[in-house]
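K.L.:
I need the structure of the sequence given here:
(chains A and B)
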Amino acid sequence: MTSYGRAAKLLCFAAFTDALAFCATDAQSVVNPVGPQSGKIAGLWWFFFWLLGAIFLLVMVAALWTLTRPNRGLAQEPLEGTHQVSQETESRATRVVTGASIATVVILFVLIVASVSTGKGLAELPYKKNTLTIEVMGTQWWWNITYQNSDSSLVFTTANEIHIPTGRPVQIRGLSNDVIHSFWVPNLHGKADFIPSRVNTEWIQADKPGVYRGQCAEFCGLQHAHMIIYVIAETPENFRKWYEHQLQPAGQPSDPTTQRGQQVFMNNACVYCHQIRGTDAAGQNGPDLTHFGSRLGIAANTVPNTPGNLGGWIADPQSTKPGNHMATVAVNSADMQPLINYLESLK
Amino acid sequence: MFFRSLSALTIGAGLFLTGCQREKRDIRPSPTRLAVYGDAAKESALRPGGPINPQPVVTNPYNSSGYDISEGQRLFSWYNCNGCHANGGGAIGPPLIKQQWIYGGEPANIFDTIIKGRPNGMPAWGGRIPEYQVWQIVAYVRSMNGQQPTSATPTRPDTIETNPQTLRNRTSGETK
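P.N.:
You can find the predicted model right below:
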């Protein structure tokens, strides 16, 4: 972040602490770019900020000046039956209004040029051959994620969390399963609408490791606000490790409690919707749970992934996230802890 | 004059408010027990030769809300009902848009069919999925025939519907 960026951050914090509090959160912020795409967008944002901020100040100063200056015009031209403006005042007013109109048009054109050239620049970013393609499908109200590869043995599915290597362009292929969703991770790129029955692509790249938060940006129903996605940028070595681990099927439970938990999962309605690779559970309606224990959150990152939250989520999904499509399945209280243990063991 | 117009306005607003009937959306069904065998309907022990005489004993608690019908529609494909029944027209399994039901067409009969399963391939879902979901599927299956209130039934299916007769049945609220 540049020094004037930091100064502006302080400024907007001081001016509108609540309204612009987003300036301060770096994990989901347009003004904290970590890639070439978001860098261009942030540049445009700051250009607009400074130019329009300066115009705003000028207008305010002009308004204050007209309010406080002595009433020159009235003293010179006393009101009679009908007020006749002198030739001199008339031509001066015409000059001022014409000049201001021309200046406004010119400024608007500058903004249009800046905006269009940023869009063009985003579309023309050079991409290397070595790209990674990730298919992201918006679903009410979570994200289904498939890592694509021409070799089908290197394709796997996960949910609500994208891991990407730093410094490598990533192509997001956006789909929707039901209604229009919008994928927006402000630190990486602008919004991309995911529209049913068509594919929209977006290129992202993170140059700095970190966890970047994104959210659905197109109203998509009851739980639109809880449709959260994390993009986790890692060094290429760490990413490789993660990727190879994700390709593996889930491990078999070793101790009796987790074995019992697996039984509970397999004998309940869980299997109609969830897949755990390496077991008989092959449902395709809900998120893939093969490596659930390693994920950050539950219910599209509505709550952090802790055993307590998981228990609450299974026992009554409608209390954590009202209206979501997870079935309320009756699990015996004695079976709950083994089930939680089993799911959390799926690292 | 002021009071007269004020009272006229109040009455008018009151009349408007009567139009504000909002469909109740029960997103937290209760009880959440699993659907179990033999709750809903009793059938005649005598089958061959005689008419099937279903005697429904319960009504569908998720009957008239558009939300429940659309949930039923979602579950119909989630639980792969359309794998055999297609979108109601039947394929491997019998059609669901019809007058003559083999095991009865009342809500309780359809509930029982889903719970108990039927010979020649219909699996038993009893003890597998929550009871409220079975009722939602029942509501959707009946809506295919136009047997649910038209106020709650979507006028258009999400799947592409090519048969105009089916469409007419769904939207007219009457079966032909």
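
K.L.:
where is the longest helix in chain B?
P.N.:
If you go by DSSP state H, chain B has its longest helix at helix B:2-17.

K.L.:
dump that one to PDB, keeping only the CA atoms.
P.N.:
Listed next in PDB are the C-alpha coordinates belonging to helix B:2-17 (Å, rounded to 0.1, in the frame of the first residue of the first chain):
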ATOM      1  CA  PHE B   2     -60.100  16.900   7.700                       C
ATOM      2  CA  PHE B   3     -61.500  14.200  10.000                       C
ATOM      3  CA  ARG B   4     -63.700  12.800   7.200                       C
ATOM      4  CA  SER B   5     -60.800  12.400   4.800                       C
ATOM      5  CA  LEU B   6     -58.700  11.000   7.600                       C
ATOM      6  CA  SER B   7     -61.200   8.400   8.400                       C
ATOM      7  CA  ALA B   8     -61.700   7.600   4.700                       C
ATOM      8  CA  LEU B   9     -58.000   7.200   4.400                       C
ATOM      9  CA  THR B  10     -57.800   4.900   7.500                       C
ATOM     10  CA  ILE B  11     -60.600   2.700   6.100                       C
ATOM     11  CA  GLY B  12     -59.000   2.600   2.700                       C
ATOM     12  CA  ALA B  13     -55.600   1.700   4.300                       C
ATOM     13  CA  GLY B  14     -57.400  -1.000   6.300                       C
ATOM     14  CA  LEU B  15     -59.000  -2.400   3.200                       C
ATOM     15  CA  PHE B  16     -55.600  -2.400   1.500                       C
ATOM     16  CA  LEU B  17     -54.000  -4.300   4.500                       C
END
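
K.L.:
show me what counts as buried in that helix.
P.N.:
Under the neighbour-count criterion of 16 or more other CB atoms under 10 Å in any protein chain shown, helix B:2-17 has nothing buried. All C-beta spots, glycine's among them, are computed from the backbone N, C-alpha and C.

K.L.:
again with stretch B:80-88
P.N.:
Of all the residues in stretch B:80-88, those buried under the rule 16+ other CB under 10 Å are B:C81, B:N82, B:H85, B:N87, B:G88.

K.L.:
what do you get for stretch A:184-198?
P.N.:
Those would be A:W184, A:V185, A:P186, A:N187, A:L188, A:H189, A:G190, A:K191, A:A192, A:D193, A:F194, A:I195, for stretch A:184-198 by 16+ other CB under 10 Å.

K.L.:
do the same with stretch B:108-126
P.N.:
The neighbour-count check on stretch B:108-126 (16+ other CB under 10 Å) flags B:A108, B:N109, B:I110, B:F111, B:D112, B:T113, B:I114, B:I115, B:K116, B:M122, B:W125, B:G126 as buried.

K.L.:
where does the third one land in three-state SS?
P.N.:
What it means is B:I110. Per DSSP: H, G, I helix; E, B strand; the rest coil, the secondary structure class of B:I110 is helix.

K.L.:
list the residues that contact it.
P.N.:
Residues near B:I110 by CB atoms under 8 Å, 6 or more residues apart in numbering or on different chains: B:W101, B:G104, B:V138, B:V141, B:R142.

K.L.:
export those residues to TSV and tack on distance to chain A?
P.N.:
Below are the contacts of B:I110 laid out as TSV (distance: CB to the nearest CB, whole Å):
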residue	distance to chain A
B:W101	25
B:G104	26
B:V138	16
B:V141	18
B:R142	21
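
K.L.:
out of the residues you listed, which are inside helices?
P.N.:
Per DSSP H, the contacts of B:I110 map to helices at B:V138, B:V141, B:R142.

K.L.:
thinking again about what came up before, pick the one among the buried residues of stretch B:108-126 closest to chain A.
P.N.:
B:W125 (9.3 Å; CB to the nearest CB).

K.L.:
for that closest one, which non-adjacent residue is spatially closest?
P.N.:
In this structure, B:W125 finds its nearest non-sequential neighbour in B:I114, 5.2 Å apart by CB to CB, 6 or more residues apart in numbering or on different chains.
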